[in-house]
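**Q** just the structure for this:
(3 chains)
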Amino acid sequence: MTTRRREGSAPPIALLSDFGYRDHYVGVMKGVIAAIAPAAKMIDLTHGIPAQSIAAGALMLEQSWRYFPARTIFVAVVDPGVGTERVPIAVETKAGARFVGPDNGLLWSAAEQAGIYRIVALEATHHRLAEVSKTFHGRDIFAPAAAYLWRGVQLTALGPEVTVMATAEDISGILVARVIETRNEISGSVVYVDGFGNLITNIERASVERLAGRFRGSSLSVRIGRRAPIEIRKTYGEADIGQSLATFGSFERLEIAVRDGNAAERFAAGSGAIVTIRVVRRTSNG
Amino acid sequence: MTTRRREGSAPPIALLSDFGYRDHYVGVMKGVIAAIAPAAKMIDLTHGIPAQSIAAGALMLEQSWRYFPARTIFVAVVDPGVGTERVPIAVETKAGARFVGPDNGLLWSAAEQAGIYRIVALEATHHRLAEVSKTFHGRDIFAPAAAYLWRGVQLTALGPEVTVMATAEDISGILVARVIETRNEISGSVVYVDGFGNLITNIERASVERLAGRFRGSSLSVRIGRRAPIEIRKTYGEADIGQSLATFGSFERLEIAVRDGNAAERFAAGSGAIVTIRVVRRTSNG
Amino acid sequence: MTTRRREGSAPPIALLSDFGYRDHYVGVMKGVIAAIAPAAKMIDLTHGIPAQSIAAGALMLEQSWRYFPARTIFVAVVDPGVGTERVPIAVETKAGARFVGPDNGLLWSAAEQAGIYRIVALEATHHRLAEVSKTFHGRDIFAPAAAYLWRGVQLTALGPEVTVMATAEDISGILVARVIETRNEISGSVVYVDGFGNLITNIERASVERLAGRFRGSSLSVRIGRRAPIEIRKTYGEADIGQSLATFGSFERLEIAVRDGNAAERFAAGSGAIVTIRVVRRTSNG
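**A** This next block holds a predicted model:
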């Protein structure tokens, strides 16, 4: 707590939550951070995670952390179990990123990608606010922990080490079909609907390339549920305006979109919808 | 205006408004602040106050100010009377916090909690933008005032002192039933619906503890309108998923919630809805 | 890239997009900027531009840029053609402001007001992220370009100069009727609906003053479509609560509003709706 980092070289504190933009909750967390670490730069990753969707929060965190400065401190709060026995934790990783939040699966996939190095339970009362509510650990526990870490407090000063953390399997919530690859078909499901209505699936580019590689000269068709097949395109721009397409977007996963339109509305589909990719033999004039 | 504070030790400027996140209004206010005080740190408290709801803005400000660094400058703009005779003001408080905004009741309860020390009317034309519109004092008057305060300009340089400011009673808007306590009942009303659909009432914890103290051995039931009674729980997590509960949240006021759900939708209720707490005699097998 | 600006004197990077507040897209862009230029201050202009509305983004940028510090770097991303042949550009202006974004008309009117000095195509691969996706140039091209500019990299180091950029005429999208002035009438149309439901038109104050000047002693009536005429007021506050009015707001264009209400809902009108101003002869008892 004696080391004060120089502004400019210090990493930011990045905030993610399902608090939305209506209430004062995010603002208050930032006030708490500013009171403890006045020079810390704060960056909103997003506060628009669908309410209490740990799975969506975990996905956003996993997709984002690597683009931030190496030692960024991520405070993530999607916390339907606040006030119960779920443990507040902080995680140090081999890549440098640090994660602070509830141990409910939210932090796992990002931390695992970054290489989990050490985990502590946030029990040190002098690194919390003086009064801890039952409903707002973002303000009372997580924001202070992030601010003290930023000031140079050691992870192990925040509480005792723990050896395991909740994983993606521990996330209760939306049921998502795992990806299944057979010789001539891949099936998976929609795991996230973004703000443009694009349907992001759990099917990775490598799976599709394996399938395409086995059937050179044939084309692939993508179907959502029983709807008419959709073509895979390199970019949104290759489709006509209003046309459906499947593509690999910034998530590096297959996504279904409508050029200048909204695929979630077009297909009346959301998280959990089944998506299949099949081989279509080219006709002789193809 | 000669004193330039050192970044890192300077307090932030916190912004609250009903401008929402669609338009450029908030961005422009920040541009004006950055042009006058380039090193000032700005923190969004929220811009999601329901349009023109002075009461909701006042509640958010009152709930938030104490979590910020001591000398934070709060710029609050919920201003249905912009361009009329309502006075733009700035307030210094004994606790250190400073408040800038329209004198329409918005600033009152926060300023009163912090201890009003001095109030000025923002009339000094050299501390406004060169042209003042009739519709956007956030940009033309309030943002410059906050930025000059941050630079060390004295409050009294911003305009003449005034001796009174508008109070909560002066807020026109949503009618809210005051809290009434009788020997075996408390009634009050919903004053705010947060982004999770939780119904926040004006009933404070102390009132409920007084009632519970008078009837030890009995339990209390909470009703919203004529709906079936709801139990008071210590945390959201004590309720089953989908179950209604009443609890004391981070507002330290009784709130009605649905575990992992939306109480405003469940009860089709919003600001103004009547909430009553009554004593339920325990049955012999209770 | 060797010159590191001093925090406090450096201009901010201002961000505008149609990415909304739900996803992680904006947060990731900020992470990329922070990784390249850790001390850069970032200000959100807005991310609530209606999805893929280049016209609305251009209007917000044009209305906002002059309020920011002189050498602000604006990164604007409303980019339905991402991944196609539209060129990513950066523009330096005589007024000092710099603009980074897709060359699809989005940057034009702001850049033109600020005085276009030099335009480059963002082709220098060492000033992009190592891998450039087909769908997220905000992260892979625009954010890095802005961050390197902030660090002092010369505009011409980002890519080859180009001599023309897309103008407002090149924006495909909402059809907007141009303003037509006759001796006793002005017609125009709604170009933007703000978050309060105010209908902002393309009719400038000067046009209305010319008309009023030709018919002194008469009053003007404003009509939207065939609805009943609306009076022009100096401020919102001059109308009664719930009453419609026309006024010149912070856009310096005629806007139609409802005092403490929502004009878009009242008139069931949005972008493209025709607005006419006519002279009304005063009656003898007027």
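**Q** now do the strands in the stretch 151-286 of chain A.
**A** A:161-162, A:180-182, A:185-193, A:199-204, A:219-224, A:244-248, A:253-258, A:274-280 (DSSP state E, counting those that start in this stretch).
**Q** so which of the ones you listed is nearest residue B:143?
**A** strand A:185-193 (36.4 Å; Cβ to Cβ). Placement of C-beta: from N, CA and C, glycine included.
**Q** give me the low-pLDDT residue ranges for the stretch 151-286 of chain A?
**A** Low-confidence segments of the stretch 151-286 of chain A (pLDDT under 70): A:169, A:171-177, A:282-286.
**Q** about what we covered before: which one, of the strands of the stretch 151-286 of chain A, ends up nearest to chain B?
**A** Ranking the strands of the stretch 151-286 of chain A by proximity to chain B (Cβ to the nearest Cβ) places strand A:185-193 first, at 18.6 Å.
**Q** wondering if the closest one reaches chain C at all.
**A** No - using Cβ under 8 Å from any Cβ of the partner chain, strand A:185-193 stays clear of chain C, with a minimum separation of 8.5 Å.
**Q** in its sheet, what does that strand sit against?
**A** strand A:180-182 (antiparallel), strand A:199-204 (antiparallel), strand A:274-280 (antiparallel) (DSSP bridges).
**Q** can you give me the buried ones in it?
**A** A:186, A:187, A:188, A:189, A:190, A:191, A:192, A:193 (16 or more other Cβ atoms under 10 Å in any protein chain shown).
**Q** residues making contact with it?
**A** A:55-56, A:59, A:174, A:176-180, A:199-203, A:207-208, A:211, A:224, A:251, A:253-254, A:256, A:264, A:269-279 (Cβ atoms under 8 Å, 6 or more residues apart in numbering or on different chains).
**Q** buried ones among those residues?
**A** Looks like these have A:55-56, A:59, A:174, A:176-177, A:179, A:199-203, A:207-208, A:211, A:224, A:251, A:253-254, A:256, A:264, A:269, A:271, A:273, A:275-279 buried, using 16+ other Cβ under 10 Å.
**Q** close to chain C, is stretch A:98-112?
**A** No - remark: stretch A:98-112 sits outside contact range of chain C, by Cβ under 8 Å from any Cβ, the gap being at least 11.3 Å.
**Q** using PDB, write out every CA atom in that stretch.
**A** Below are the C-alpha coordinates for stretch A:98-112, written out as PDB (Å, rounded to 0.1, in the frame of the first residue of the first chain):
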ATOM      1  CA  ARG A  98      -5.800 -10.200 -12.600                       C
ATOM      2  CA  PHE A  99      -9.500 -11.000 -12.000                       C
ATOM      3  CA  VAL A 100     -11.700 -10.000  -9.100                       C
ATOM      4  CA  GLY A 101     -15.300 -11.100  -8.600                       C
ATOM      5  CA  PRO A 102     -17.600 -13.800  -7.200                       C
ATOM      6  CA  ASP A 103     -16.500 -17.500  -7.500                       C
ATOM      7  CA  ASN A 104     -19.500 -18.700  -9.500                       C
ATOM      8  CA  GLY A 105     -17.900 -19.600 -12.800                       C
ATOM      9  CA  LEU A 106     -17.900 -16.000 -14.200                       C
ATOM     10  CA  LEU A 107     -14.100 -15.600 -14.000                       C
ATOM     11  CA  TRP A 108     -13.100 -19.100 -14.900                       C
ATOM     12  CA  SER A 109     -12.600 -19.300 -18.700                       C
ATOM     13  CA  ALA A 110     -10.800 -16.000 -18.900                       C
ATOM     14  CA  ALA A 111      -8.500 -16.900 -16.000                       C
ATOM     15  CA  GLU A 112      -7.900 -20.300 -17.400                       C
END
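**Q** residues of that stretch that come out buried?
**A** So, applying 16+ other Cβ under 10 Å, buried residues of stretch A:98-112: A:98-111.
**Q** and the closest residue to chain B within the stretch 101-250 of chain A, how many neighbours does it have?
**A** Chain B sits closest to residue A:136 of the stretch 101-250 of chain A, with a gap of 3.6 Å, by Cβ to the nearest Cβ. Residue crowding around residue A:136 was assessed by other Cβ atoms under 10 Å in any protein chain shown; the count is 23.
**Q** now do the contacts for it.
**A** A:25, A:82, B:249, B:250.
**Q** what is the end-to-end distance of stretch A:199-210?
**A** Start and end residues of stretch A:199-210 are separated by 22 Å (Cα to Cα, to the nearest Å).
**Q** before we move on, what about stretch A:122-138?
**A** With Cα to Cα applied, stretch A:122-138 spans 12 Å between its terminal residues.
**Q** please point out which parts of it sit buried.
**A** Of all the residues in stretch A:122-138, those buried under the rule 16+ other Cβ under 10 Å are A:122, A:124, A:127, A:128, A:129, A:133, A:134, A:135, A:136, A:137, A:138.
**Q** what mean pLDDT does that stretch have?
**A** Taken as a whole, stretch A:122-138 has an average pLDDT of 92.
**Q** got it, and stretch A:92-105?
**A** For stretch A:92-105, the per-residue pLDDT averages 97.
**Q** give me the distance between the two termini of that stretch.
**A** 16 Å.
**Q** can you check stretch A:230-243 too?
**A** 9 Å.
**Q** looking at the buried residues of stretch A:122-138, spot the one nearest chain C.
**A** Nearest to chain C among these is residue A:138, at 16.7 Å by Cβ to the nearest Cβ.
**Q** what sits against the closest one?
**A** Applying Cβ under 8 Å, 6+ apart, we find residue A:138 in contact with A:17, A:19, A:25, A:29, A:75, A:77, A:79.
**Q** can you tell me the helix or strand for the last one?
**A** Going back to what we said before, that points to residue A:79. Per DSSP states H and E: residue A:79 is located in neither a helix nor a strand.
**Q** fine by me, thanks again.
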